[in-house]
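A.B. asks: would you be able to build a 3D model of this:
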Amino acid sequence: MIDPETEVWFRDNADTVRYDFCTWNEVESRYEFYYDDVLTAWAKEGNYRFYGRSAPEATGPEYRLITVRFNESGRSYDYICEEENVQPGDTVIVNGYDGKTEVTVVKVTTRRESELPLPADRYKRILRKE
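C.D. replies: Okay, the predicted model is just below:
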């Protein structure tokens with residue numbers, strides 16, 4: 001719980017935050033919360049302690065996810081990728097809104113089923129690496 005007097009920011013105007021780690025930013029005098037190396041929230045308060053619950057142990061099958069962008073300024077999307085040799089910077093073919101589309105891989109992560117933001121069957125799969 002955060003004191004109402006504390007200056008806070010949550011990404012996408014969320015009212016809760018999921019994070020992997022928290023760090024103190026000495027320059028900005030604030031705690032910063034990150035999830036997958038992306039800043040998800042911060043709180044400015046010099047004399048406040050944050051207590052978090054430990055995440056439950058990840059369960060279920062492991063999935064290899066690739067993050068792609070359809071254009072430079074567009075949103076990023078995750079696809080399940082079963083090919084082990086796909087790396088960031090590679091070009092892959094996926095089914096997009098306009099059918100088969102060539103995209104560049106931005107990031108590769110591995111997660112257990114319980115860590116996925118969506119049910120596994122909701123993710124599309126890459127068609128092939130170019």
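
A.B. asks: distance between stretch 123-130 and the chain's centre?
C.D. replies: Distance of stretch 123-130 from the chain centroid (C-alpha atoms, centre = their mean, to the nearest Å) equals 19 Å.

A.B. asks: list the buried residues of that stretch.
C.D. replies: In terms of neighbour count (16 or more other C-beta atoms under 10 Å), stretch 123-130 has its buried residues at 123, 126. The way it works is simple: take the backbone N, C-alpha and C, and place the C-beta from them, glycine included.

A.B. asks: for the residue nearest the centre of the chain, list the residues it contacts.
C.D. replies: Among the residues of the chain, the one closest to the centroid is Asp36, at 4.8 Å (C-alpha atoms, centre = their mean). Shown in contact with Asp36 (C-beta atoms under 8 Å, 6 or more residues apart in numbering): 20, 109.

A.B. asks: so where do the strands sit in the protein?
C.D. replies: Applying DSSP state E to the chain gives strands spanning 7-10, 21-25, 30-35, 38-44, 62-69, 76-80, 91-96, 99-112, 128-129.
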